[in-house]
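Predicted structure and sequence below. I'll ask about it afterward.
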Amino acid sequence: MRLLMMLVGLSFGVLGATQALADSADSAKEPLWLEVIDPYVEMHSGPGRGYPVFYVIEQGERVDVITRRPGWYEVRTQDGKTGWTTAAQISRTIQTTGEPADLPTVSYGDYLKNSWRAGFNTGQFSSGELQSSELFSATVGYRPLGWLGVELEAGKIFGTDIKGDFYGANLVVEPFSDWRISPTVLIGRGVMKIDSQPKLVPLQIDDSDFNHYGLGFNYYLGRNFLFKGEYRSYSVSTDDNNVSLEAWTIGFNSFF
């Protein structure tokens with residue numbers, strides 16, 4: 001329980017510090033310049049596919065957003081060229097702070113679409129046969145859509161009289177990926193192998209399959225980095241029946 005309280009305190013500390021930095025940045029508004037991070041962005045003469053491409057903005061160049069139409073943004077280059085680009089392409093730009101473009105219809109999920117991700121989680125089981133045991137895991141995944149990700153997870157479990165490993169595959173849904181603090185829903189399944197020390201300690205969970213679901217949040221810290229918190233509920237299959245477990249975790253993800 002002490003570890004759980006420390007994790008909760010750390011979560012609020014990180015969120016408070018980053019929000020303070022965001023507020024201080026907002027207090028000094030400057031013209032919004034966005035840097036292109038893809039190899040190029042096409043500039044059309046009008047807001048539609050039927051308008052010809054008359055200029056290509058190269059990687060590393062900056063543009064200023066003037067106005068928008070549904071699915072399109074009018075931008076101006078640093079040397080004064082003015083034209084239109086799609087919302088999909090403007091989503092692949094970053095602000096001078098290193099954060100994804102903060103524009104209507106452009107979300108963090110759009111920015112991270114088609115990206116790989118790797119992460120680390122730590123937490124504690126809060127109920128069930130593994131109560132008070134600590135867990136640590138590493139994840140690797142892919143985000144095929146702005147609001148949907150898949151990941152593989154491998155981890156360790158440590159308790160006073162137990163230790164174990166677990167492996168799983170998760171589907172992560174982020175329905176409001178345009179929010180800086182974005183709620184998430186996770187479902188997955190996997191296997192865990194738990195050993196008791198000494199062997200005389202009886203455990204229902206041994207070499208078992210499990211299903212789980214989770215509720216949590218992502219807090220986007222910058223260009224390719226997020227902090228997350230999560231609650232998970234496990235249903236573990238045993239020889240006699242299903243055993244329920246609950247866990248709370250925090251972690252970080254990096255996208256590339």
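Received it, and whenever you're ready, just let me know what you need.

got the residue ranges for the helices in the stretch 1-150 of the chain?
Per DSSP state H, counting those that start in this stretch, the stretch 1-150 of the chain carries helices over the ranges 2-26, 87-90, 108-112.

Nearest spatial neighbour of Ile157, chain-adjacent residues omitted?
Nearest residue to Ile157 in three dimensions, chain neighbours excluded: Gly164, at 4.3 Å (CB to CB, 6 or more residues apart in numbering). For glycine as for every other residue, the C-beta is placed from the backbone atoms N, C-alpha and C.

got a list of contacts for the helix or strand where that neighbour lies?
Assigned by DSSP states H and E, Gly164 falls within strand 162-173. When contacts are defined by CB atoms under 8 Å, 6 or more residues apart in numbering, strand 162-173 is touched by residues 130, 133, 135, 137, 139, 141, 147-157, 184-197, 201, 203, 210, 212, 214.

Please pick the buried ones from the residues you listed.
The neighbour-count test (16 or more other CB atoms under 10 Å) marks 130, 133, 135, 137, 139, 141, 147-149, 151, 153, 155, 157, 184, 186, 188, 190, 192, 194, 196, 203, 210, 212, 214 as buried among those.

from these, which ones fall inside strands?
135, 137, 139, 141, 148-149, 151, 153, 155, 157, 184, 186, 188, 190, 192, 194, 196, 210, 212, 214 (DSSP state E).

In this structure Gln124 contacts Ile157, no?
No: between Gln124 and Ile157 there is no contact under CB atoms under 8 Å: 10.1 Å.

Any chance you could list residues touching both of these two?
Counting by CB under 8 Å, 6+ apart, the common neighbours of Gln124 and Ile157 are Ser133, Glu134, Leu135.

Nearest to Gly71 among the residues you listed?
Checking those against Gly71 with CB to CB, the nearest one is Leu135 at 43.5 Å.

For the closest one, which residues count as its bridge partners?
Here Leu135 sits in beta bridges with Gly123, Ile157, going by DSSP bridges.

tell me the contacts of it?
Asn121, Thr122, Gly123, Gln124, Phe125, Gly155, Lys156, Ile157, Phe158, Phe166, Ala247, Thr249.

Surely the third one and Tyr231 touch.
The reference is to Gly123. No: counting by CB under 8 Å, Tyr231 is not a contact partner of Gly123; they are 9.4 Å apart.

which one of these two has more residues nearby?
The neighbour count for Gly123 versus Tyr231, taken as other CB atoms under 10 Å, is higher for Gly123 (23 against 15).

From Gly159, how far out is that one?
13 Å (CB to CB, to the nearest Å).

No further questions, thank you.
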